[in-house]
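> Need a 3D model of the following:
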Amino acid sequence: MKALITGILISLIPFTSYSQLTIEECVRKAEANYPIIKKYELLDASLDIDLSEINKAWLPKLGVYGQATSQNIVPSFPKTLTGVLNQMGQEVKGLSKIQYKTGADLTQPIWDGGASRARREMARANDAVRKSSIEVELYAVRQRVESVYFAILLTEEQIAQNEVTHNLLIQNLEKIRVMQKNGVAMQSDADMIEAQALTVSQSIIHAKSAADSYRKMLEIFIGENTGGKYMAKPTGALNYHYNKECNRPEMRLFTNRLAVNQAANRLSNVSYMPVVGLFAQAYYGYPGFDYFKSMMSRELSFNFLAGVKISWNIDSFYSRKNNSIRASVNAGDIEADKEMFLFNTALQSASQTETIAGLREVMKEDEKIIALRKRVRRAAEAQLENGIIDATALLTKISDESIAQLNAKLHEIQLLKEIYNLKSILNQ
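Take a look at the predicted model:
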C-alpha cells in the first residue's frame, strides 16, 4: 500500500509543482520560431513589388533624345524646278546632309490584349506556390516536434515507473534486513535486492539523461526553456475518429502548381493579341516635317506628331501549338504527382489504422495483467516473510509487476503517438 501511495504522489508531482506545456502549444511555438517563417513577410513584399511593376506598365512612357546625323544623300528639287526658282530670285539650298535634333517620344497603352492581367495572375499564382512550399516545410517541423514530444513522454514515464519499482525494492530490502536480524533471511537475499535496486537506479539515470536530451531538442524548436514544465499527455486524442479525407498542405501545393500552369498558359495566349496605344512625338531641330521650308531655309523648327498605333506580333503563332501541348503535359505531370502522393498517403493511413487497432486490443488486457501481477507480488512478499520462497523469486515477481505497469503506460503513449501520426498523415 505504501508503494502504491508513493507512486501516486510521484505521478501527481508534475501537476502540482510544474507548469503545463501541451503538444499543440509546442507545435505552434515551433512553427513561429522556425527561421523559414520570416519568408512569409518577404514573399508579401516581393508580391507587392511585382504587382506594382506590372501596374506601372499602364503609365505613360516618356523618352528624351538628342541626335546629329550625316548622310550621303537627301531629298532635293528637280534641277528644272530649281532653275525656274533661281530665275524668279528664289535661292534653293536644298536639304543639308548634316541634320540634328532634340526631342521626346511619349507612348500611352490603351489595350494590351490582357497581358497585364495575365501577368498579375501569374505573380499571385507563383506567390501562392512559394507560400505553399513553406507550409509543407513547416508541416514537416510539426511532425518532428510531435515525435520529440512523445519521446519525452515515453522516457519520463519510464522514469516515473522505475522510481515506483525502486521504492518497492527499497521497502522489501528493509523487510529482509529485519528478517536477517531475526535469523530468517540470509545476507545474500539482502544483497540481491540491493543490487537490483542499484540497477533500477542506473536505469533512472540513463532515462533522465535521455529525457534531458529530448527536452533540449524541443527547446531549440520552440525557442524557450522547458525546465520545470510538465509535458501534458494529450489524452483527448484517444477518441479520435479516422476519416480518409486528406488535408495536407501538399494538396494546396498541387492546386497552386496547377494554377501557375494555367496562368502561364493564359499569359502565352495573350501574346497573340494586338496591342493598341497612343503615341506622340515632338522635336526641335533640322529638318522639320515641312521639307520644302527646310530646303529653302536651314533654320531650326519645332515639330509635333501624335496618333494611335496598333501593333501585332504574329511570331507567337508559331509556338502556339507547342505552348498548348506543354501546358497540357505540365498539368498531367502535376496530377500524376498528386495521385502518387494520395496513393502513398492512403497506404500510410491504412497501415497506421491497423497499428492503432492492434494497440487498442492490447490495452484491453493491460489493467487485468497489472492486477494479477500485483496479487502475485503481494503473495510472494508474504511467502518470503514466512520463509516459503527466497529473494530471487520475489525479485522475479516485482520485475513482472513493474514490466506490466510500464507496458500499460507505454502502450497508452504509443497509442497516442500512433494516433497523432495518423492525424499528421492526413492533417486532421
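
> now the helices: where do they sit in the stretch 151-300 of the chain?
Using DSSP state H, counting those that start in this stretch, the helices found in the stretch 151-300 of the chain span residues 187-222, 249-270, 291-296.

> after the last one comes which helix or strand?
Downstream of helix 291-296, the next assigned helix or strand under DSSP states H and E is strand 301-311.

> now the following helix or strand past that next one and helix 249-270, what's the angle there?
Next along the chain after strand 301-311, taking DSSP H and E as the criterion, comes helix 320-363. Put simply, helix 320-363 runs at 170 degrees to helix 249-270, going by axes from the mean of the first three to the mean of the last three Cα atoms, to 10 degrees.

> Helix 320-363: how far from the chain's middle?
Its chain's average C-alpha position is 18 Å from that of helix 320-363, according to Cα atoms, centre = their mean, to the nearest Å.

> Give the other helices and strands that that helix contacts.
Helix 320-363 sits against helix 249-270, helix 391-426, with contacts defined as 3 or more Cβ pairs under 8 Å, 6 or more residues apart in numbering; DSSP states H and E. In short, each C-beta sits where N, CA and C put it, glycine included.

> Now the element after that helix, going C-ward?
Once helix 320-363 ends, the next helix or strand along the chain (criterion: DSSP H and E) is helix 366-385.

> Send me that following helix as CSV with only the CA atoms.
These are the backbone C-alpha positions of helix 366-385, laid out as CSV (Å, rounded to 0.1, in the frame of the first residue of the first chain):
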residue,chain,number,x,y,z
ASP,A,366,-3.2,-4.3,-19.5
GLU,A,367,-5.2,-3.5,-16.4
LYS,A,368,-6.1,-7.2,-15.9
ILE,A,369,-2.4,-8.1,-16.2
ILE,A,370,-1.3,-5.4,-13.7
ALA,A,371,-3.9,-6.6,-11.2
LEU,A,372,-2.8,-10.2,-11.5
ARG,A,373,0.9,-9.3,-11.3
LYS,A,374,0.3,-7.2,-8.2
ARG,A,375,-1.6,-10.0,-6.5
VAL,A,376,1.3,-12.4,-7.2
ARG,A,377,3.9,-10.0,-6.0
ARG,A,378,2.0,-9.4,-2.7
ALA,A,379,1.6,-13.1,-2.2
ALA,A,380,5.4,-13.5,-2.8
GLU,A,381,6.2,-10.9,-0.2
ALA,A,382,4.0,-12.8,2.3
GLN,A,383,5.7,-16.1,1.3
LEU,A,384,9.1,-14.5,1.7
GLU,A,385,8.3,-13.4,5.2
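
> Pull the residues that contact it.
172, 175-176, 179, 185, 389-391, 393-394, 397-398, 400-401, 404-405, 407-408, 411 (Cβ atoms under 8 Å, 6 or more residues apart in numbering).

> If we use 6 Å, what do you get?
Ile389, Leu394, Lys397, Ile398, Asp400, Glu401, Ala404, Gln405, Ala408, His411 (Cβ atoms under 6 Å, 6 or more residues apart in numbering).

> if we can go back for a sec, for Phe302, find the nearest of the helices and strands packed on helix 320-363.
helix 249-270 (38.9 Å; Cβ to Cβ).

> Same list (the helices of the stretch 151-300 of the chain) but as JSON lines, adding mean pLDDT, mean neighbour count and distance to Glu156.
Formatted as JSON lines, the helices of the stretch 151-300 of the chain follow (pLDDT from 0 to 100; neighbours: other Cβ atoms under 10 Å; distance: least, Cβ to Cβ, whole Å):
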{"stretch": "helix 187-222", "mean pLDDT": "90", "mean neighbour count": "16", "distance to Glu156": "5"}
{"stretch": "helix 249-270", "mean pLDDT": "91", "mean neighbour count": "18", "distance to Glu156": "31"}
{"stretch": "helix 291-296", "mean pLDDT": "81", "mean neighbour count": "16", "distance to Glu156": "97"}
